[in-house]
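J.: Give me a 3D structure for the following:
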Amino acid sequence: MAEGSVSAAQVETAFQKFAVHGDTKATGKEMNGKNFAKLCKDCNVTDGKKVTTIDVDIVFSKVKAKSARVITFEQFNQALTELAAKRFKGKSKEEAQQQIYGLIVGKEPANAGTTKVTNAAAVDRLTDSTKYTGAHKGRFDETGKGKGKAGREDIADTSGYVSGYKGSGTHEDKVKE
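T.: The predicted model follows:
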């Protein structure tokens, strides 16, 4: 089995890819239970008969620290060793571990079934700012870019003059004369 052996670095790469999946703050050093279950499902570690999703959750709870919600790479290896013994019964511990590593290496989180962005004519018509009318038309400039706060509200004139006064700003000139 030497030619089919898998290095720990390859397994760690797969661990990091799944550890950061769906979490913008994740560093890749620790994996939560959801991502561990996803790894087991996407890499076919769970087969529905010998290893189920319940088994995966139990093993995760067993290897993590009492108050922790995440596991490290070392704890991940412990979990895989326990799952390998369950999945590949009748094989030696090392052989089972190499086979489970073989399932994981080179895999990435799958995004099957995720929602795709639609490009329907109705959406284009509703988001085209050149077709806006009334009060909403004033919120965008000629290029279709929003004006921000200036487009949303009337900015108060704090000059001290009445709004229709034609000689605004001439008070200083009159006082000097």
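J.: Can you pull out the low-pLDDT segments for the protein?
T.: 1-4, 112-119, 151-153, 177 (pLDDT under 70).
J.: Show me which helix runs longest in it.
T.: helix 73-87 (DSSP state H).
J.: ok, and what's touching the helix or strand that comes right after that one?
T.: For helix 73-87, the succeeding helix or strand toward the C-terminus, using DSSP states H and E, is helix 93-104. Outside helix 93-104, the residues that touch it by CB atoms under 8 Å, 6 or more residues apart in numbering are 1, 4-6, 10-11, 14, 39, 43-45, 80-81, 83-85, 87-88, 91. Just so you know, the C-beta spots here come from the backbone N, C-alpha and C atoms, and that holds for glycine as well.
J.: which residues touch the residue nearest the centre of the chain?
T.: When CA atoms, centre = their mean is applied to the chain, the residue found nearest the centroid is residue 22 (3.4 Å). Counting by CB under 8 Å, 6+ apart, residue 22 touches 34-35, 109.
J.: What subset of those is buried?
T.: Neighbour-count burial (16 or more other CB atoms under 10 Å) applied to the contacts of residue 22 gives 35, 109.
J.: So which of the contacts of residue 22 is the closest to residue 58?
T.: residue 34 (15.0 Å; CB to CB).
J.: and the closest residue to residue 18 other than its chain neighbours, what helix or strand is that in?
T.: The shortest distance from residue 18 to any non-neighbouring residue, by CB to CB, 6 or more residues apart in numbering, is to residue 39 (4.3 Å). Here residue 39, judged by DSSP H and E, is contained in helix 33-42.
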